[in-house]
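1. Provided below are the primary sequence and the corresponding predicted coordinates.
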Amino acid sequence: MSEKPRGTTQTLTPADASESQRQPSAKELAWEKNTLQPILEKSPERRAEFTTISGHPIRRLYTEADLHDWDSARDLGLPGDPPYTRGIHATMHRGRLWTMRQFAGFGTAEDTNARFRYLLSQGQTGLSTAFDLPTLMGYDSDHPLSEGEVGKCGVAISSLADMEVLFDQIPLANVTTSMTINSPAAVIWAMYLAVAEKQGADWKKISGTIQNDILKEYIAQKEYIYPPEPSMRLVIDTFEFGVKNTPKFNTISISGYHIREAGSTAIQELAFTLRDGMEYVEWGMRRGLDVDQFVPQLSFFFNAHNDFFEEIAKYRAARRIWHKAMVERYKSQSPRSWALRFHSQTAGCSLTAQQPYNNVVRTAIQALAAVLGGTQSLHTNSLDEAWALPTEFAATIALRTQQIIAHETGVTNTVDPLGGSYFVESLTNEVERGAWEYIDRIDAMGGMVAAIERGYPQREIAEASYRYQMAVDKKDKIIVGVNDFVSEEKPLETLQIDETVAHRQAERLRKLRSQRSQAEVERRLNALRNAAKGDVNLMPFLYEAVKSYATLGEICDAMRDVFGTYEEVAIT
Amino acid sequence: MPEKKIRVLIAKPGLDGHDRGAKVIARALRDAGMEVIYTGLRQTPEMIASAALQEDVDVIGLSILSGAHNTICPQLMKLLREKGMTDVTVLVGGIIPEADVSSLKLSGIAEIFLPGTSTQDIVDFIHKRVDRN
């Protein structure tokens, strides 16, 4: 058995920072004495302390005493109104369901295009593109460092020619597309806009998202190319370009997902992500952009992990923090800037390689937390993703999971069904408080770029991930099928990536380079290099370069020439 | 005379930046009394082999999650043989499909630790292996 009674002395209440301010009612005190105490003496609880997966202590019972300084009008409000605790829309999922957006990408552009069209035919309502590691790092498929990685973790995109195939017969005027790309985000976005233009889609009307969140790359996912300064410049270039040309496009998806996957706690995920958001706002303002012009195009992306209520509290707190920051720190006048919109993805790191079918259950519960937390769009992981990219069979179950939540469970019938719960409101308060403490600390360091350069968030995450691993090793935290309830099982059928992808990509690149105008490519790359040395917006230069069929690697190299590359000081 | 500490090089080859596992293992082995050198990200097989030679390590631990193991591992094993480092124990941790395990072991990888392995199991394996050599 996993959980045994630990220790013989049971205290009435777990330790908590706010404990001293808690003033239980006479009725609650009488209950403790007359009802609770005799029970505890007879049969102690299963553990001395109960904590969330992040290690946050949870009380036995929450009552009105836990909300002594809580004001429903101020802290909860109503949906669609500040501080948006209950959601950013008045009708939430009664009005419109979240976008079911499954992350997909593997092999060549043809392979992924076929998967996209399959997912759309199955009722998926938006696209989300996974790129392979060479693309994420700004290398062409035929670069020596790409060996062994082409098409493995996502689709290989080396030029506009690949992008045209990726979105073949997919009308960008109607379908919204999210692209998980960061360091080369501006280049890939330029390719996307070029495809949209060729399809005759109006830039002013198209919608979608580029992840474009470089700060969390330094903090967690580590797919960076250039140092922070020029990287931030590229991000702000996309903001500025987006305001003028693509007002419906999310020019960034400020991501906690990867911070959590790297091992952070829920509070760290929230704090670092929101502080990243503030950093982008401040850099945008320093560029001279009007807050209420560019902030409505910023979106967020959070993890949906195992601890059900902690996750829900995290999303609710996120909206409250963002509203407060926009109004108080940045003096925003527009409600469009105040409302935090977010995508969520169930936690990849919670999937187990052992007994993989259990992952369907984990994913369903995590997805439910995201829905109850008021998500705008959702990706549910497939059961086989601890082993490989998903098969079509597994990806279909993942999509069906969302459809079951949306159409069968009834949880969408009312807005914020957990609002007013003593526990959920208390936990929302505690998570928010914890996040502000981190935000204050990062402010004191001079902002997020400065904190990253000191290795501060990286160290905090490494600490948390090590603590969690030790808790799992000691069985303080149980993972079903891994450190308890273990059983023998048959290996799973997984998706095999065709090993000829790299070869086919190399061949395509060779053909592309022989067919395009080399003089035009050189001219565009030189113009980009010169522009990068100054301080003009690089988007128009990137756009012209991709249209000349300069490759992703060539374009990123031109900027490497000017910006240099970044190497982190590894912390262990 | 104090016992010589086991020296381990933890390396993260390929383009992938997901270093959670590598960092947890580096720290767990250090806490278990080993001397651990972490290479940092994006190491080529050449860089890993020369670091291993220079640091005179007993063990190389590779963290690979990206699916590039069938390219990286044979390259590294070949380089180690060329440098006469056949006594170095090479371990792989990460996402390795079961179908690839036997061919990797044939190429000379001593053990493959799949997701869910406890850090203690890895510590025990290293002790057993290095103490024997």
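-> Structure received. Numbering: from 1, shown residues only, chains lettered A, B, ... in the order given.

2. Alongside chain A, which residues does chain B contribute?
-> Counting by CB under 8 Å from any CB of the partner chain, chain B comes close to chain A at B:10, B:14-20, B:22-24, B:26-28, B:30, B:36, B:38-42, B:44, B:66-68, B:70-72, B:95, B:97-99, B:114-116, B:118-120. Bear in mind the C-beta positions are built from the backbone N, C-alpha and C, glycine included.

3. Which of the residues you listed fall in strands?
-> The strands, defined by DSSP state E, take in B:10, B:36, B:38 from these.

4. If you rank these by neighbours, which is first?
-> The most neighbours of any of those, using other CB atoms under 10 Å in any protein chain shown, belong to B:I10, which has 29 neighbours.

5. beta partners for that residue?
-> B:Y38, B:G61 (DSSP bridges).

6. same thing with A:T177?
-> Beta-bridge pairing for A:T177 (DSSP bridges): A:L127, A:G208.

7. Check what pLDDT it gets.
-> A:T177 is assigned a pLDDT of 94 by the prediction.

8. could you measure it against A:A502, distance?
-> 25 Å (CB to CB, to the nearest Å).

9. just A:R329 next, same as before
-> Following CB to CB, the distance that separates A:R329 from A:A502 is 48 Å.

10. ok, now A:G263?
-> 32 Å.

11. swap in A:R459?
-> 37 Å.

12. Report the buried members of the residues of chain B next to chain A.
-> Among these, those scoring as buried are B:10, B:14-20, B:22-24, B:26-28, B:36, B:38-42, B:44, B:66-68, B:70-72, B:95, B:97, B:114-116, B:118-119 (criterion: 16 or more other CB atoms under 10 Å in any protein chain shown).

13. Spatially nearest residue to A:D276 (excluding sequence neighbours)?
-> A:L215 (4.3 Å; CB to CB, 6 or more residues apart in numbering or on different chains).

14. quick one: contacts for that neighbour?
-> A:228, A:276, A:279-280, A:448-449, A:452 (CB atoms under 8 Å, 6 or more residues apart in numbering or on different chains).

15. Can you name the residues that contact residue 52?
-> Using chain A. A:58, A:266, A:307, A:309-310.

16. I was after chain B.
-> Going by CB under 8 Å, 6+ apart, the list of residues near B:A52 reads B:9, B:60, B:80, B:85, B:88.

17. so where's chain A uncertain?
-> Chain A contains residues with pLDDT under 70 at A:1-20.

18. So in it, which helix runs the longest?
-> Taking DSSP state H as the criterion, chain A has its longest helix at helix A:422-444.

19. Kindly format the C-alpha coordinates of that helix as CSV.
-> These are the backbone C-alpha positions of helix A:422-444, laid out as CSV (Å, rounded to 0.1, in the frame of the first residue of the first chain):
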residue,chain,number,x,y,z
TYR,A,422,-14.0,28.1,0.6
PHE,A,423,-11.1,25.9,-0.6
VAL,A,424,-10.8,27.1,-4.2
GLU,A,425,-11.0,30.8,-3.2
SER,A,426,-8.4,30.3,-0.4
LEU,A,427,-6.1,28.4,-2.6
THR,A,428,-6.5,31.0,-5.4
ASN,A,429,-5.5,33.6,-2.8
GLU,A,430,-2.5,31.6,-1.6
VAL,A,431,-1.3,30.9,-5.1
GLU,A,432,-1.6,34.5,-6.0
ARG,A,433,0.2,35.6,-2.9
GLY,A,434,3.1,33.2,-3.6
ALA,A,435,3.4,34.4,-7.2
TRP,A,436,3.6,38.1,-6.1
GLU,A,437,6.4,37.3,-3.7
TYR,A,438,8.4,35.9,-6.7
ILE,A,439,7.4,38.8,-8.9
ASP,A,440,8.6,41.3,-6.2
ARG,A,441,11.9,39.4,-5.9
ILE,A,442,12.5,39.5,-9.7
ASP,A,443,11.6,43.2,-9.8
ALA,A,444,14.2,43.8,-7.1
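
20. and the helix or strand immediately after it in the chain, does that touch chain B?
-> Under the assignment DSSP states H and E, the closest C-terminal helix or strand after helix A:422-444 is helix A:448-453. No - figure legend: helix A:448-453 not in contact with chain B (CB under 8 Å from any CB); closest approach 14.2 Å.

21. Which strands or helices does helix A:448-453 pack on?
-> helix A:215-216, helix A:228-245, helix A:266-286, helix A:456-473 (3 or more CB pairs under 8 Å, 6 or more residues apart in numbering or on different chains; DSSP states H and E).

22. deepest of those helices, which one?
-> helix A:215-216 (a mean of 30; mean count of other CB atoms under 10 Å in any protein chain shown).

23. what about that one, distance to the chain center?
-> The chain centroid and the centroid of helix A:215-216 are separated by 11 Å under CA atoms, centre = their mean, to the nearest Å.

24. how many other residues sit next to residue 127?
-> Went with chain A since none was named. 27.

25. actually it's chain B I care about, not the one you picked
-> 14.

26. Doesn't it lie inside a strand?
-> No - assessed by DSSP: H, G, I helix; E, B strand; the rest coil, B:H127 does not belong to a strand; its assignment is helix.

27. Just list the residues touching the residue nearest to it when sequence neighbours are not counted, thanks.
-> Spatial nearest neighbour of B:H127, excluding adjacent residues (CB to CB, 6+ apart): B:I6 at 7.5 Å. Residues counted as contacts of B:I6 (CB under 8 Å, 6+ apart) are B:33-35, B:58-59, B:126-127, B:130.

28. If you go by neighbour count, which of these are buried?
-> B:34, B:58-59, B:126, B:130.

29. Contacts only, for A:Q458.
-> Counting by CB under 8 Å, 6+ apart, A:Q458 has contacts A:218-220, A:452, A:568, A:571.

30. Surely A:E493 touches A:T391?
-> Yes - counting by CB atoms under 8 Å, A:T391 is a contact partner of A:E493 at 6.9 Å.

31. more crowded one of the two?
-> A:T391 (17 against 12).

32. Not counting residues beside it along the chain, what's closest to the more buried one?
-> With CB to CB, 6+ apart, the residue lying closest to A:T391 is A:L495, at 4.8 Å.

33. Per-residue pLDDT of the most centrally placed residue in chain B, please?
-> In chain B, the residue lying closest to the centroid (CA atoms, centre = their mean) is B:G61, at 1.3 Å. Model confidence at B:G61, given as pLDDT, is 98.

34. and what of the one 3 residues further on?
-> Model confidence at B:I64, expressed as pLDDT, equals 95.

35. ok, the residue of the stretch 401-550 of chain A found nearest chain B - contacts?
-> With CB to the nearest CB, the shortest gap between the stretch 401-550 of chain A and chain B falls at A:V482, namely 4.2 Å. Counting by CB under 8 Å, 6+ apart, A:V482 makes contact with A:352, A:354, A:472, B:116.
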